[in-house]
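Undergrad: turn this into a model:
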Amino acid sequence: FLRGAGFYFGMGDYMDEKITGDYYSNGSWGLNSLTNYKLRYHFSGIFQLGISSNVTSEKGLSDYAKTNSFKVVWSHRQDTKANPNSTFQANVNVSTSNYNKYNAKSVSEALTNTINSSISYSKVWPGTPFSLSTSLSHSQNNIDTTVSLGFPKVSFNMTKIYPFKRKQSVGTAKWYEKIGFSLATNLDNSVEVKEKNLFKRSVVDSMKNGMKHDIPLSTSFNILKFITVSPGVNYSEYWYLKTIEKSWDQDSKEVVIDTISGFKRGYQYSTAVSMSTKIYGMFQFSKTSKVQAIRHVITPSVSLSYRPDFSDPKYGFYKQVQKDTLGNFQTYSIFSQGIYGGPGSGKSGMVNFSLSNILEMKVLSSKDTANPVKKVKILDGLSIGSSYNLLADSMNWSDISVSGRTNLFDKVNINFSGAFSPYALNTAGTEIDQFEYNKSGKFARF
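TA: Numbering: from 1, shown residues only. So this is what the prediction gives:
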């Protein structure tokens with residue numbers, strides 16, 4: 001064989017080109033092109049194209065086969081000095097699944113079974129809260145020839161704005177001036193297909209796509225001077241061009257899923273309000289004591305949230321279908337196969353409780369005469385939390401979680417966490433609606 005023979009072209013100050021060819025005695029051949037380009041302070045990159053025709057053995061033998069393959073590699077990098085408000089990056093690696101099998105020039109290339117690609121563009125508008133990002137993604141399994149594509153993916157965001165805030169603030173801000181909302185809009189398309197079907201019409205038909213909008217609105221104000229109250233509303237919308245409908249097939253005795261084309265909109269919302277404050281405690285020691293003082297900060301917090309049941313028939317987001325020969329029915333979401341899912345089922349009214357602690361002390365340090373008093377953290381954070389579902393029929397309490405962190409000698413970080421259930425177990429090991437404390441006299445089961 002003859003491999004890598006060819007020509008090099010220096011095409012000006014910004015680009016060069018290398019063209020090489022391979023030839024094998026059984027009739028296999030390959031052609032490769034490699035282009036480098038660079039414009040200082042703007043961008044740089046490479047573009048590589050490879051095509052080959054591969055013969056497995058001599059013509060006339062039983063194992064003779066001839067296959068064609070190709071490979072495209074593109075790497076583009078934008079210089080950070082080019083444009084501070086927008087960026088474009090590309091890292092493309094696309095090939096037929098058999099290209100590395102016949103054309104690999106290293107062990108790592110021959111053993112590579114998965115290749116990935118990505119192209120992205122982002123932009124911000126100075127002086128505004130708006131930003132945009134788009135991307136294309138590609139993943140390919142060379143063993144089973146499965147190709148996953150995501151294109152186009154678009155994300156449009158607006159950071160929080162305060163529409164009622166005065167342009168020139170005088171004095172303390174009013175509560176309504178603290179009302180703010182943001183926006184996150186995402187568009188996604190994805191498909192998974194075999195390599196041989198990549199350029200067929202069926203790819204478009206099997207593509208999953210959708211758009212989701214999230215609009216959180218919140219504010220905060222103080223009551224009784226020391227208690228911070230933060231109410232908020234979260235609203236989400238789902239836009240799809242396809243939904244599903246399930247039906248019971250009496251002949252096959254199974255549930256059949258049909259795809260319904262046409263625009264369909266879903267939505268959900270929830271409300272929440274939280275209250276928190278801080279309690280400070282200080283214990284002073286004598287001036288000659290090694291420990292000068294111990295400070296304890298307690299942050300209690302309670303919040304209430306509510307979400308309606310969007311599986312209620314009045315919304316039209318959920319339907320029922322017979323699921324077995326006994327005539328039993330099940331509820332399903334028409335958005336269950338959507339790329340973002342859909343509105344949730346089941347109403348929820350949660351009360352959340354949490355209590356966090358910080359414990360630190362001041363000690364005398366003989367090593368530092370300029371700053372003889374040193375602050376040492378005993379507990380950097382100790383948090384306890386749980387929640388209560390007001391709308392649940394039973395077992396309203398969630399697990400009680402405990403977490404904390406500390407630092408020993410400014411060298412060793414320690415983090416710990418755990419959770420335990422307040423409910424007892426029956427003989428089968430299943431939780432029952434009875435507190436462990438009432439059953440055994442103990443506080444809870446770890």
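Undergrad: the nearest residue in space to Q322 that is not next to it in sequence: which element?
TA: Spatially, and ignoring its direct neighbours in sequence, Q322 is nearest to W248 (3.9 Å; Cβ to Cβ, 6 or more residues apart in numbering). Placement of C-beta: from N, CA and C, glycine included. Assigned by DSSP states H and E, W248 belongs to strand 227-249.
Undergrad: packing partners of that strand?
TA: When contacts are defined as 3 or more Cβ pairs under 8 Å, 6 or more residues apart in numbering; DSSP states H and E, strand 227-249 sits against strand 208-218, strand 221-223, strand 254-276, strand 318-322.
Undergrad: pairing partners for it, with directions?
TA: Here strand 227-249 is paired, per DSSP bridges, with strand 208-218 (antiparallel), strand 221-223 (antiparallel), strand 254-276 (antiparallel).
Undergrad: neighbours of S169, how many?
TA: 10 (other Cβ atoms under 10 Å).
Undergrad: which residues touch it?
TA: Applying Cβ atoms under 8 Å, 6 or more residues apart in numbering to S169 gives the contacts E177.
Undergrad: against S218, how distant is it?
TA: 19 Å (Cβ to Cβ, to the nearest Å).
Undergrad: quick revisit: what is the residue nearest to Q322 paired to in the beta sheet?
TA: Where W248 sits in a bridge, its partners, by DSSP bridges, are V255.
Undergrad: now swap in V363 and tell me
TA: Here V363, judged by DSSP bridges, has bridge partners V291, K374.
Undergrad: surely it and V291 touch.
TA: Yes - contact criterion Cβ atoms under 8 Å: V363 and V291 qualify, at 5.5 Å.
Undergrad: what residues are up against N186?
TA: Neighbours of N186 in contact, by Cβ under 8 Å, 6+ apart: K153, V154, S155, F156, M211, K212, Y340.
Undergrad: what pLDDT does it get?
TA: N186 is assigned a predicted lDDT (pLDDT) of 97.
Undergrad: hang on, it in a helix?
TA: No - N186: not assigned to a helix; according to DSSP: H, G, I helix; E, B strand; the rest coil it is strand.
Undergrad: could you measure from it over to N157?
TA: 9 Å.
Undergrad: swap in K165?
TA: Distance from K165 to N157, by Cβ to Cβ: 20 Å.
Undergrad: same deal with W74?
TA: Counting by Cβ to Cβ - W74 and N157 are separated by 28 Å.
Undergrad: and what of M15?
TA: 36 Å.
Undergrad: show me where the chain has its helices.
TA: 99-103, 107-111, 202-205, 436-440 (DSSP state H).
Undergrad: just checking, what packs against the first one?
TA: Okay, so that is helix 99-103. Right, helix 99-103 is packed against strand 43-55, strand 66-78, helix 107-111 by 3+ Cβ pairs under 8 Å, 6+ apart.
Undergrad: which among these is found nearest to G232?
TA: Nearest of the helices and strands packed on helix 99-103 to G232, taken as Cβ to Cβ: strand 66-78 at 37.9 Å.
Undergrad: the closest one: partners in the sheet, and parallel or antiparallel?
TA: Neighbouring strands of strand 66-78 in its sheet, by DSSP bridges, are strand 43-55 (antiparallel), strand 86-95 (antiparallel).
Undergrad: contacts for stretch 6-21, please.
TA: 2, 4-5, 29-39.
Undergrad: swap in 6 Å and give it another go.
TA: G4, A5, L31, N32, S33, L34, T35, N36, Y37, L39 (Cβ atoms under 6 Å, 6 or more residues apart in numbering).
Undergrad: out of those, which end up buried?
TA: Buried members of these, scored by 16 or more other Cβ atoms under 10 Å, are L31, N32, L34, T35, Y37.
Undergrad: hang on, the earlier thing: what's the most distant pair in the contacts of N186?
TA: Taking Cβ to Cβ, no two of the contacts of N186 sit farther apart than F156 and Y340, at 15.0 Å.
Undergrad: quick one: which of the buried ones among the contacts of stretch 6-21 sit in strands?
TA: Cross-referencing those against strands under DSSP state E gives L31, N32, L34, T35, Y37.
Undergrad: now, which of those residues sits nearest Q89?
TA: Y37 (15.1 Å).
Undergrad: what residues are bridge-paired with the closest one?
TA: Beta-bridge partners of Y37, as defined by DSSP bridges: M15, G45.
Undergrad: show me the contacts for it.
TA: Contacts of Y37 by Cβ under 6 Å, 6+ apart are Y14, M15, G45.
Undergrad: I'd like those as TSV, with neighbour count and pLDDT appended.
TA: Formatted as TSV, the contacts of Y37 follow (neighbours: other Cβ atoms under 10 Å; pLDDT from 0 to 100):
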residue	neighbour count	pLDDT
Y14	12	95
M15	14	96
G45	17	97
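Undergrad: want to try TSV for those, with distance to T430 as columns?
TA: Shown next, in TSV, are the contacts of Y37 (distance: Cβ to Cβ, whole Å):
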residue	distance to T430
Y14	71
M15	70
G45	60
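Undergrad: pretty sure G45 sits against H76.
TA: Yes - G45 is within contact range of H76, at 3.8 Å (criterion: Cβ atoms under 6 Å).
Undergrad: quick one: low-confidence parts of the stretch 251-400 of the chain?
TA: 366-371 (pLDDT under 70).
Undergrad: show me what contacts W74?
TA: F47, A90, V92.
Undergrad: pick the one among those residues closest to Y235.
TA: Of these, the one sitting nearest to Y235 (Cβ to Cβ) turns out to be A90, at 35.7 Å.
Undergrad: how many neighbouring residues does the closest one have?
TA: Neighbour tally, A90, other Cβ under 10 Å: 18.
Undergrad: any figure for the gap between it and Y121?
TA: Distance from A90 to Y121, by Cβ to Cβ: 9 Å.
Undergrad: so how far is W248 from S139?
TA: 37 Å.
Undergrad: try Y318
TA: The value you get for Y318 to W248, if Cβ to Cβ is used, is 17 Å.
Undergrad: out of these two, which sits in the more crowded spot?
TA: Y318 (19 against 16).
Undergrad: for beta bridges, what are the partners of the more buried one?
TA: Once the bridges are assigned, which here means DSSP bridges, Y318 pairs with S333.
Undergrad: how much space between it and S311?
TA: Y318 is 4 Å from S311, by Cβ to Cβ.
Undergrad: may I see the strands paired with strand 66-78 organised as JSON lines, with distance to F329 added?
TA: Converted to JSON lines, the strands paired with strand 66-78 look like this (distance: least, Cβ to Cβ, whole Å):
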{"stretch": "strand 43-55", "distance to F329": "57"}
{"stretch": "strand 86-95", "distance to F329": "47"}
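Undergrad: which of those sits closest to T271?
TA: Nearest of the strands paired with strand 66-78 (Cβ to Cβ): strand 86-95, 37.5 Å.
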